[in-house]
Every structure is written in C-alpha cells, then in structure tokens.
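Novice: Below are the sequence and a predicted model for it; my questions follow.
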Amino acid sequence: MPGQYRIKRRVALLNIAAAENTIQTVDLPRGYDLESVYFHMSGGGTLSGAGSAVRAEAPMQLIKRIEIIADGKNTIASVSGTLLRHGTFNRRGQLGSLVPPAAATATAQTFSCGFVIDQQLIDGIRPKDSNLRTSGMQLLQLRITFGAYIDLFTGSPAGALSGANTLDITTSEIVELPDQDGNISRPLYVLKRTFQDIAVPATNANQEINLPVGNFLRSVTIRGEGSATAGEPSDTVVNFVTLRSGVDVRFSASWGQMVRMNQVDYQIATRPTGLAIADLMASGQLVGVKGTDAWDLTRASECKCVLDVNGYANGKVSLMTTELVQ
C-alpha cells in the first residue's frame, strides 16, 4: 500500500505595503501535493482622524483578494478576505484567530489574524483526494491584493499602516510514496473557489445570480451587507435562497433555516453575522462527506442562485462557490 508524509514549511514573509491595491506575488513550491496554505497577518497602524467603529471582521479587510494561479492561467482560488475567513469554518469547524484594532480612535493600534486556504477536503472521508498535485506544473503562484488601514474602520477615518506589518505564509504538502509496484495515490479532483459581489440596492424577490458550470458544485457561501453602515454584515438582506439549473432545484431554504442547518451540520457555536452556506454535501455525518454528493454540473448549460433580497442603499451580497474539478 502506498505511503505518505507531510511537509510544513514557510514559503514567504511579506512586508505589507501601506498603499491600497498593492499586489504581491509569491511562488509556491511545486513537486508535491499541496494540502493547505496557512497565513498569519500582524501589524499596526495609526489613525490621524478617528473613524466611527472597528469593522466586524477587521483586519480581514486588508486582504482584498487572494488568488492561487497555476501555470499563469488556471485559477484555483480567487477569494476576498472576508469570505475566505467565513468560508473556512464549514470544513474545519472553527474560525481562525482574529484580533482587531482595539478602537477607531486617533491613536496607534495593533492587529493580527490567522486564516487558511485548504485544497484538501477537510471534512471528506479521505481529505487528500482533493489535494493539488503540483508535479508537472511550470508555475504556481499565490497573488495577494492588499487594502488600506482605513478599510478596517467605519466612518471617515484618516491614517495608514505604521511599523512592521507582515504576512507569514506556510504551506502544508503531502509527499506520496510508491508501493512495491511503483504505484502512488492520486487525487480524484481539485477544489476550486471563486467569488463575486452583487449590489442589491432594491428589494427583489427574484434576484438571479449566475453560478459557474462545467464542474461539480459543493457549496455556495453567501454574505449579506445591508446595515446603515456600508460594508458591514447583516442578516436582514437575504430572505430566501434557491439553487437551480433549469427545473432541477437542488437547494431551497429560508435564510434563518440555512443558519440553523449550518449550526448543526458544522457543529459550530458562533456564526459570523450575515453569513450562511448552501452546502450540498454536508449532512451532519461524522464519517465525512463524499465527493459523489456534489451537484454534477459538468453538462449543465446554466446554474443560478436565486435570492429573495431586501434592498438597501449600501446593500450587497457576496458569493463564494466551491467546486470539485475532475
């Protein structure tokens, strides 16, 4: 029977630039099966003009987008910071560490947070079946788009990052060993994550959002923003969620029911405000989910997420789709 061992190694320690929309690129190691990429961000900033409050998910707003791109063309992951933090708990059963700035006052503050991108199917029967096999790739890059320090606050703050601000990046990789016949275990599929933002300024009982097709759909993570303060999460935006492809309806539930299903399926006590996940594979079982439970959209011409939404001047819905690619 083939064996394996795991390598965990730091691949980069980035200094975060103060300017918004700064993009930094990291070459990820190739040769073994990529299991997870761990991140720890820490630093501080100084406000010269106070804001109103610290945002609900600060400091994740400093991560505007994280992408994993293979061979310069195949996007394995494209996720915003807030969705990345939220979209993790359904597999790991927990949220990463989060230490926001203490207040929005015109003083120096510190912050830190930890989060992870998993290529392994954490809650699967055999998680490594979705590891990203990097052997044969010419290029594997991690691309990070950073925000600004004032993004961590509501109101009209003024200020910037100050002192040492770093993002520590570590990979977890599986080295597969051949059996006596020279055979090694092979992944069955690859996890792919993409996200999109949709403005919802008006009430709409039939807000249609196109989802990607051509692969197997595991879940759609939905985050609503609709409070009086722009960018803050809210549970009052989405009333009802439906996932359908033509007449094939695979998910249909109220927002409140989705929240309750998430709590029992993932066994998590604390749910971030404004977040729910339409998960087609989780059903509360302890033995792990199966890839065969994902929705086969390989031959579908279209797939839609249909939302019943309440409109707000600052209303927005963010979606992250998680697919299994064979």
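Specialist: Looks like it arrived, so ask away.
Novice: contacts and neighbour counts: CA atoms only from here.
Specialist: Fine.
Novice: Just confirm Ala103 contacts Val54, I think it does.
Specialist: Yes - the pair Ala103 / Val54 is scored as a contact, 6.0 Å apart, by C-alpha atoms under 8 Å.
Novice: Between those two, which has more neighbouring residues?
Specialist: More crowded of Ala103 and Val54, by other C-alpha atoms under 10 Å: Val54, with 20 against 17.
Novice: show me the contacts for the nearest residue to that one once chain neighbours are set aside.
Specialist: Nearest residue to Val54, sequence neighbours excluded (C-alpha to C-alpha, 6 or more residues apart in numbering): Phe153, at 4.5 Å. Counting by C-alpha atoms under 8 Å, 6 or more residues apart in numbering, Phe153 makes contact with 51-55, 58, 104.
Novice: Distance check, Phe153 against Ala53.
Specialist: 6 Å (C-alpha to C-alpha, to the nearest Å).
Novice: Gly288 too?
Specialist: 40 Å.
Novice: again, but for Ile7
Specialist: From Ile7 over to Ala53 (counting by C-alpha to C-alpha), the distance is 41 Å.
Novice: For these two, indicate the residue with more neighbours.
Specialist: Ranked by neighbour count (other C-alpha under 10 Å), Ile7 and Ala53 place Ala53 first, with 17 against 13.
Novice: returning to what we had before: and the residue nearest to Val54, how far from Ser52?
Specialist: Counting by C-alpha to C-alpha, the gap from Phe153 to Ser52 is 7 Å.
Novice: Now list whatever residues contact both of the two.
Specialist: Ala104.
Novice: rewinding a little: can you redo the contacts of Phe153 as TSV with distance to Gln326 and secondary structure?
Specialist: Compiled in TSV, the contacts of Phe153 are given as follows (distance: C-alpha to C-alpha, whole Å; DSSP: H, G, I helix; E, B strand; the rest coil):
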residue	distance to Gln326	secondary structure
Gly51	47	coil
Ser52	47	coil
Ala53	45	coil
Val54	42	strand
Arg55	39	coil
Ala58	36	coil
Ala104	47	coil
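Novice: What subset of the residues you listed is buried?
Specialist: 51, 53-55, 58, 104 (16 or more other C-alpha atoms under 10 Å).
Novice: what's the closest of these to Ser234?
Specialist: Of all the buried ones among the contacts of Phe153, Ser234 sits closest to Arg55, with 12.3 Å by C-alpha to C-alpha.
Novice: Now do the end-to-end distance for stretch 270-281.
Specialist: 21 Å.
Novice: Report the distance from that stretch to the chain centre.
Specialist: Centroid displacement of stretch 270-281 relative to its chain, using C-alpha atoms, centre = their mean, to the nearest Å, is 12 Å.
Novice: Check stretch 189-209 too.
Specialist: The answer for stretch 189-209 is 14 Å, by C-alpha atoms, centre = their mean.
Novice: can you pull the buried residues of that stretch?
Specialist: 189-195, 199-200, 207.
Novice: who touches both of Phe153 and Ala53?
Specialist: Counting by C-alpha under 8 Å, 6+ apart, the residues touching both Phe153 and Ala53 are Ala104.
Novice: Distance check, Ala158 against Asn15.
Specialist: 21 Å.
Novice: no no, Val264
Specialist: As judged by C-alpha to C-alpha, Val264 and Asn15 stand 40 Å apart.
Novice: who are the neighbours in contact with the nearest residue to Val287 once chain neighbours are set aside?
Specialist: Once flanking residues are discounted, Val287 sits nearest to Ile125: 6.3 Å by C-alpha to C-alpha, 6+ apart. Ile125 makes contacts with 287-290, as judged by C-alpha under 8 Å, 6+ apart.
Novice: Cool, thanks, talk later.
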